[in-house]
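Asks: Turn this into a structure:
(chains A, B and C)
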Amino acid sequence: MDLVDVLLRIDYVFLLAAALRAATPIAFAALGGIFSERAGVINIGLEGMMLISAYVCYRVAVLAASPAVGLVAGMAAAMVLAGLHGLFSIRYQTNQVVSGTVVNIFAAGITGFLFRALGAQESAPYLPNISHPLLKSIPVIGTLLFDQPLLMWVMLIVVVVATVVLFRTPWGLRTRAVGELPRAADTAGIPVNRMRYLNVLISGALAGLGGAFFTLHTVSTFTPLMTSGQGFIGLAAMIFGNWTPIPAFLATLLFTLPQALAGQLQMFGVPLPYQLLSTLPYLLTIITLAGVVRRSTPPAALGTPYVK
Amino acid sequence: MTRPDVVLEMRGITKRFPGVLANDHINLDLRKGEVHALLGENGAGKSTLMNILYGLYQPDAGEIWLDGRRVTIHSPRDAIALGIGMVHQHFMLVPTLTVTENIILGLETRRGLLLDEATPQQRIRQISRDFGLEIDPEAYVKDLPVGVQQRVEIVKALYRNARVLVLDEPTAVLTPLEVESLFSTLRALVKRGVSVIFISHKLKEVKAIADRITVLRQGRVVGSTTPAEAGEAQLASMMVGRPVILKVDKSPAQPGPVVLSVRDVKAMSDRRAMALQGVSFDVRAGEIVGIAGVEGNGQTELVEVITGLRQPLAGQVLLCGQPLPAWSPRAAIDRGMSHIPEDRYKYGIVAAYSLAINLVLSVFHRPPFSRNGLLQRRAILSNAERLVEEFDIRAPHAEVPIGKLSGGNQQKAVVAREFSRPMKLLVAAQPTRGVDVGSIEFIHKRIVQARDAGAAVLLVSAELDEIMALSDRILVMFGGRIVGERDGRTARREDIGLLMMGKV
Amino acid sequence: MSSVTAQGQSRSAAPFSWQRVWSGVWPAVASVVLALVIAGAVITITGADPVAAYRALVEGALLREGTATRPTAFLETLVSATPYLVLALGISLGFAAGLFNIGAEGQLYMGALASVVVGFALSGLPWIVHLPLALVAGVLAGALWAGIAGWLKAARGAPEVVVTIMLNYIAYAVVNYMVNGPIRHTGTAPRTPDIQASAVLPTLLPAPERIHWGFVLAIACAVGYYFLLYRSALGLRIRLVGANREAARYAGINVNSTYLITMVISGGLCGMAGAIEVLALYRYLPTEFTTGYGFESIAVALLGQGHPVGVALAALLFGALANGAGYMQFSSGVSNYIIAVMQAFIIVFVAAPGIVRDLFRWARPKRAEVEVE
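Replies: Model prediction:
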């Protein structure tokens, strides 16, 4: 009875808005994964790319006193790691899961070192929210969209753009061909490895945006390992969405909504141990993967280096 | 220096791979409007030569001249720009894309920033009409039968304005009637001034279509001739380097009791389409039953169900009257089934592991190869020694990674392993694919011996000649069903060919 | 068939060659050297003297002798190397089957948790019963935790990479919850009660030395790993699944059960590492008790190239770095976190031996130019 009462009192629009915010970095990771994997390169290094971006965003934003400069620097740092992953996977034909893991460990090690060596006392300047006093007061939509972080907006736009790019442009056609049957693309005159490098770099840029969300929106400082597995959850969303942007984005909400709900329940005094609540997205990720993987079809050449 | 009607000339082409001289100073010229056949057995260097022409490989030495100009071809893009088109043995079509998308790939037209598919579709339809190559530009490639996919490949080359068209083993996947239709397409192309290089190891077809024939053996040109000058036997001995017996020697079958019984089996393919729509047949001890059919008509799935690798939706497989548990390759092996898988490299061997280990791949956990859970290296090595001797596997020693051996020797190792167990049933899928003539003869002989020793043999092959030569009974598969049965002694090629197209 | 046969050797056996051993080892050695050079450059940039720093590192890791209150440096390195070794063996076993158990950290946490619970909750048992029980509890907990990922991989095809990572976060939360709630001791800091003396994994030498029986167990694990992977039928099965899953399936090997078994053994080893840490060193469970052993051990496994000797040497190196870093910071002022930089670059180079080769190739012509001048 009590619980029903609480459930009736919850502001679900507010809840969805919170879930959307929380979904932002996960969705960036998922989108990054889609570009890389559609071109045939497994990218489990997204977590590390997000982490290094989070750190560099923070550090540069403080130094330049500009969140925008920080954002660009963070994306660049993530793209450097993406380039490394590309170099390993494409040129040196390292096992792509190993390469991604190396990227993750590398990012954790370097950011951990820099954090301890240089500290992180000052606050970084925040990126602005997209807020409009009039639009904000529109019921439902106002709360959902018009007082939200800039990067959430960027994410929504990227979801749409990515869909168009992948399925309606020559670039997308070539990317998909390279990930499905690279030899066919090669014989059609498409430089397979260049396409792969570029798509891995795109995936790094997107992961960089995701990483920026942590230090330029959520909290204005850096803590080691602060991305806490969200890059991996993004991969699960990507799989759930069958390597397609819009379904993958919707899947990210699947992981963030329950936690937003649990947060609300706690606010209304329903006793839930917070340590165990925090496992909710991770549990949901596992359950989703267990349920969905057999029904998904990854790009056929995923994980296979292209050798002439 | 070049004759005016010579379109293409390859001079002194040499290409070396680690341990192999794939092309050794090859000279080849192609005249305008001719079909020039490149004949040679597997591994003779035909595909390497053509991949050099198409820019996929760079030659170590040699020159390519096109229309009297020397050209260098760094990539397929260069080749396409020079008017060279190629239909590869394994089609270069992305299954998840449409026919149009496949054809325009790399030459896309845009409308604004977006892909324009309407304009290219008009041109595709035009080419389609001009050359009588019927295709649906909006269909997805994965839904098309192989014969149609080949037409898509040819249209793709013509869309790129190919003047020189290379076809690599184009008939391997076709029924006899489809081969006829391909040949009339080629004649139409030639009439319009396209020059064709036709790669094959099949003598009959080469004689039927070629204007000139160049024979390759072990990376060298061994001679050039015309169909009028050379007979089949002569071509065969040029190709192999010695006289070849084109017929398999075998006595009439003495069928015994039923060993394998397949009862109304239905199964899905990996792409979740119905691949087997109720298949039933028996194979008796001491007979070879051949399954003919164009690839992709359910043969792969049938073999996988029988060997326990695929879960059927319905039906049963009985071995000596006992039902085999579905989805257990182990049970099948333990009850006396041997299996030569269709894709050796993927399913038959573990390339990085030694020949010796590969020879015990299915039995290493049992004595004498393991005792108390520990491997017995000596037993594994002496087993290898015995099989290397008996099956004439050429290897420096038994611990060489099997991936370093030639295709023929790898396949002999697979055969040796499968024959070294007590065998009630042999399931041989494409047992001689990609191996040299010597190994083919050897493997055929062993299959017949297995039959004579009382094993039931189920032979699945896309090579109609192989089916005709070995089978005591022939079943034809089409669309996931057995559509006909013929006696191996009296079966006619044309008749089987019609069945393969589903024309009962 | 023309092999020259050495005496007493089967003519079908492969001839032994040092060249092959070296070709397997040199990328790892070169990676370590390159990483040390890069870290040295970083040290120089920060304004310190890399030579002094490295001298202190070696001293702190290997050379300093013990005093009445300070354990011998080299023995401390062995103490540090112990969890690396056991964890990296577990991770390597997964690699052998083509599985990426990057959830070693979570399995270590769960193993530690189970061992501590058994360690403090049972009393009145003789150590001969209690200690093995506590150890086994840790092994089983790790095995179970990894087994979840193994089972999901086998039965549902769920990628073990993502699942094991997710299980890490769940393990942290479970430990955090338990230590703050159900099994919190009565003191101020959130931690469990101390384990009973009968569950303590004893030291090998009198205090202040801390070298303990867990080190011996770790060595035993390495030997066991060798026999399991290279001498037993199960090991061959695991390796074949890793080398070509499809061919293994065609040969009648049950790939799914192999996945499950491998993950269970791998997790069992990681759980044992956790058990050893708490039973020998901490003797209770704090909320956060390792600093990323589970992840660094992935680097150890990669550096060790799957062979137990390689893994042991790599673990020794990582143990030495971890152990020497403190003294280096103390005596040369270089942050001990510089070893994270070394580790990061070590695995970058190990993961792509081609990079190392190309680096040397670039270096060579330059060196030649110098010689000409």
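
Asks: Apart from its neighbours in sequence, what residue is nearest residue 61?
Replies: No chain in the question, so chain A it is. Excluding the flanking residues, the one nearest A:A61 by C-beta to C-beta, 6 or more residues apart in numbering or on different chains is A:G70, at 2.7 Å. The C-beta positions use only the backbone N, C-alpha and C, and glycine is treated the same way.

Asks: not quite, I wanted chain C
Replies: Leaving aside its chain neighbours, C:A61 sits nearest to C:G324 (3.0 Å; criterion: C-beta to C-beta, 6+ apart).

Asks: The closest residue to B:N161 other than its chain neighbours: what's it in contact with?
Replies: Leaving aside its sequence neighbours, B:N161 sits nearest to B:G83 (C-beta to C-beta, 6+ apart; 5.9 Å). Counting by C-beta atoms under 8 Å, 6 or more residues apart in numbering or on different chains, B:G83 makes contact with B:66, B:160-164.

Asks: my guess is the residue nearest to A:A61 contacts A:A54, does it?
Replies: No. A:G70 sits out of contact with A:A54 when judged by C-beta atoms under 8 Å, with a separation of 10.1 Å.

Asks: hang on, B:E41 is in a strand, isn't it?
Replies: No. With DSSP: H, G, I helix; E, B strand; the rest coil as the criterion, B:E41 is located in coil rather than a strand.

Asks: Hmm, it is touching B:S237, no?
Replies: No. Look at B:E41 against B:S237 with C-beta under 8 Å: they stay out of range, at 11.7 Å.

Asks: more neighbours, the two?
Replies: B:E41 (21 against 15; other C-beta atoms under 10 Å in any protein chain shown).

Asks: Contact partners for that one?
Replies: Here B:E41 is in contact with B:201, B:217, B:239-240, B:436-437 (criterion: C-beta under 8 Å, 6+ apart).

Asks: Mind checking which of those land in helices?
Replies: Under the assignment DSSP state H, those contribute B:239-240, B:437 to helices.

Asks: related to what we said a few turns ago, could you check the pLDDT of the residue nearest to B:N161?
Replies: B:G83 carries a pLDDT value of 95.

Asks: Can you name the residues of the stretch 101-250 of chain C that neighbour chain B?
Replies: Taking C-beta under 8 Å from any C-beta of the partner chain as the measure of proximity, the stretch 101-250 of chain C contacts chain B at C:227, C:231-237, C:239-240, C:243-244, C:246-250.

Asks: From those, list just the buried residues.
Replies: Listed as buried from these are C:231-237, C:239-240, C:243-244, C:246-250; burial here means 16 or more other C-beta atoms under 10 Å in any protein chain shown.

Asks: Quick check: neighbours shared by A:G70 and A:A54?
Replies: Residues touching both A:G70 and A:A54 (C-beta under 8 Å, 6+ apart) are A:212, A:215.

Asks: Neighbour count: those two, which is higher?
Replies: More crowded of A:G70 and A:A54, by other C-beta under 10 Å: A:A54, with 31 against 26.

Asks: Kindly spell out which helices and strands sit in contact with the helix or strand encompassing the more buried one.
Replies: Assigned by DSSP states H and E, A:A54 belongs to helix A:46-64. Applying 3 or more C-beta pairs under 8 Å, 6 or more residues apart in numbering or on different chains; DSSP states H and E, one finds that helix A:46-64 contacts helix A:12-38, helix A:67-86, helix A:96-118, helix A:192-213, helix A:230-240.

Asks: Least confident of those, on average?
Replies: helix A:96-118 (a mean of 91).

Asks: looking at the helices and strands packed on helix A:46-64, which is buried most?
Replies: The highest mean neighbour count among the helices and strands packed on helix A:46-64, using mean count of other C-beta atoms under 10 Å in any protein chain shown, belongs to helix A:230-240: a mean of 30.

Asks: Report all helices and strands that that helix contacts.
Replies: For helix A:230-240, the packing partners by 3+ C-beta pairs under 8 Å, 6+ apart are helix A:12-38, helix A:46-64, helix A:192-213, helix A:245-267, helix A:280-292, helix C:160-180.

Asks: Now do that helix against helix A:46-64, angle only.
Replies: Interaxial angle, helix A:230-240 versus helix A:46-64 (axes from the mean of the first three to the mean of the last three C-alpha atoms, to 10 degrees): 130 degrees.

Asks: Identify those among the contacts of B:G83 that sit within strands.
Replies: When DSSP state E is applied, the contacts of B:G83 are split such that B:66, B:164 fall in strands.

Asks: of the contacts of B:G83, buried ones?
Replies: B:66, B:160, B:162-164.

Asks: Just give me the closest of those to chain C.
Replies: B:R160 (35.0 Å; C-beta to the nearest C-beta).

Asks: and the longest helix seen in chain C, how far out from the chain's middle?
Replies: As assigned by DSSP H, the longest helix anywhere in chain C is helix C:127-156. Chain-centre distance of helix C:127-156: 17 Å, with C-alpha atoms, centre = their mean, to the nearest Å.

Asks: quick check: mean pLDDT across that helix?
Replies: On average, helix C:127-156 scores 96.

Asks: which helices and strands sit right next to it?
Replies: helix A:280-292, helix C:104-121, helix C:160-180, helix C:255-276.

Asks: and the first one, is it in reach of chain B?
Replies: No. Contact between helix A:280-292 and chain B, assessed by C-beta under 8 Å from any C-beta, is absent, since the two come no nearer than 15.2 Å.

Asks: Number of residues surrounding residue 228?
Replies: If you meant another chain, say so; for now it's chain A. Using other C-beta under 10 Å, A:S228 has 18 other residues around it.

Asks: ah, I was thinking of chain B
Replies: B:A228: 7 neighbours (other C-beta under 10 Å).

Asks: In the helix holding A:A54, which residues are buried?
Replies: In helix A:46-64, the ones that count as buried by 16+ other C-beta under 10 Å are A:46-62.
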